[in-house]
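Q: Model the following, please.
(one chain, ligands or ions: 1)
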Amino acid sequence: MNSLLLVNRQHPCPVDTAQDLMPVHKRYPHILLKQEAAGALGRIMEQLDGWQFLVPVSGWRSHAEQKKIYEDSLRDNGPVFTAQFVALPGYSEHQTGLAIDLGLLQPEIDFICPTFSDAKICQRFRDLAPAYGFVERYPAGKEHITGIAHEPWHFRYVGVPHAEEMARRGLTLEEYLA
Ligand SMILES: [Zn+2]
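A: Next up is the predicted model:
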């Protein structure tokens, strides 16, 4: 799959993406990514000893899973919150298998908005990510471009050198591809 695949409010996930998936870690057999992305994430975590402190909250989602998450959020959180943080079924980057939500390992983990701060292990992950092909996909100040609220926990695999160039130039995937 093209690691630069653009999925957002205007661009639905175009293909059936259920192939070549693998667990991000043996402790989390239900959190899957495309093999290339899972491998890269594993190398970052190895470098940081990251699985001691961070938990993978959501990886690849089928269309049916995204539909359920969307409908549950509408019911539990209402339309305003849902529009900010949950993509319509068919339009979630999680359906590509190239996106991962990470949270700090703590007793209570919010499934939609996990804690991922700008300090310590979280920031060390964020700083190291581009060298391994991951970018923070929904930064603050770019909401008008991405159509998604600031999500410090959501990382997207775009591959190297794209991630490094996007980070260096401060570009979202939309801007990078424009
Ligand atoms: Zn996400």
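Q: what comes up buried for the longest helix anywhere in the chain?
A: Ordering each helix of the chain by length in residues (DSSP state H) puts helix 63-85 first. If you call a residue buried by 16 or more other Cβ atoms under 10 Å, then helix 63-85 has these buried ones: H63, Q66, I69, Y70, S73, T82, A83, Q84, F85. Yep, even glycine has a C-beta here, placed from its N, CA and C like the rest.
Q: now the fifth one: how far from the ion?
A: Using Cβ to the ion, to the nearest Å, we find S73 at a distance of 12 Å from the ion.
Q: so that residue makes contact with A87?
A: No: counting by Cβ atoms under 8 Å, A87 is not a contact partner of S73; they are 10.3 Å apart.
Q: Would you state the helices of the chain in chain order?
A: Using DSSP H, helices in the chain cover 35-48, 63-85, 120-128, 143-146, 162-169, 173-177.
Q: Identify all contacting residues around the longest one.
A: Pointing back at helix 63-85 there. Here helix 63-85 makes contact (Cβ atoms under 8 Å, 6 or more residues apart in numbering) with 61, 86-90, 92, 94-95, 112-113, 148-149, 151.
Q: quick one on the thing from earlier: what's the average pLDDT for the longest helix of the chain?
A: Averaged over helix 63-85, pLDDT sits at 95.
Q: residues contacting T96?
A: M1, L5, V7, C13, T17, K34, W60.
Q: can you rerun that using 6 Å?
A: By Cβ atoms under 6 Å, 6 or more residues apart in numbering, T96 lies in contact with L5, V7, C13, T17.
Q: Of those, which pair is most distant in space?
A: Largest separation among the contacts of T96 by Cβ to Cβ: V7 and T17, giving 9.8 Å.
Q: distance of the closest residue to the ion within the chain from K26?
A: Going by Cβ to the ion, the ion is nearest to H154 of the chain, at 3.6 Å. According to Cβ to Cβ, to the nearest Å, H154 and K26 sit 23 Å apart.
Q: more neighbours, those two?
A: Neighbour comparison, H154 and K26: the larger count goes to H154, with 23 against 7 (by other Cβ atoms under 10 Å).
Q: Run through the bridge partners of that one.
A: Applying DSSP bridges to H154 gives these bridge partners: D101.
Q: Return the residue of this protein that is most distant from the centre.
A: Centroid-distance maximum for the chain: R75 at 23.2 Å, with Cα atoms, centre = their mean.
Q: Return the residues of the chain in contact with the ion.
A: For the chain, the residues in contact with the ion (Cβ under 5 Å from the ion) are D101, H154.
Q: which regions of the chain lie under the pLDDT threshold?
A: Of all residues in the chain, none has pLDDT under 70.
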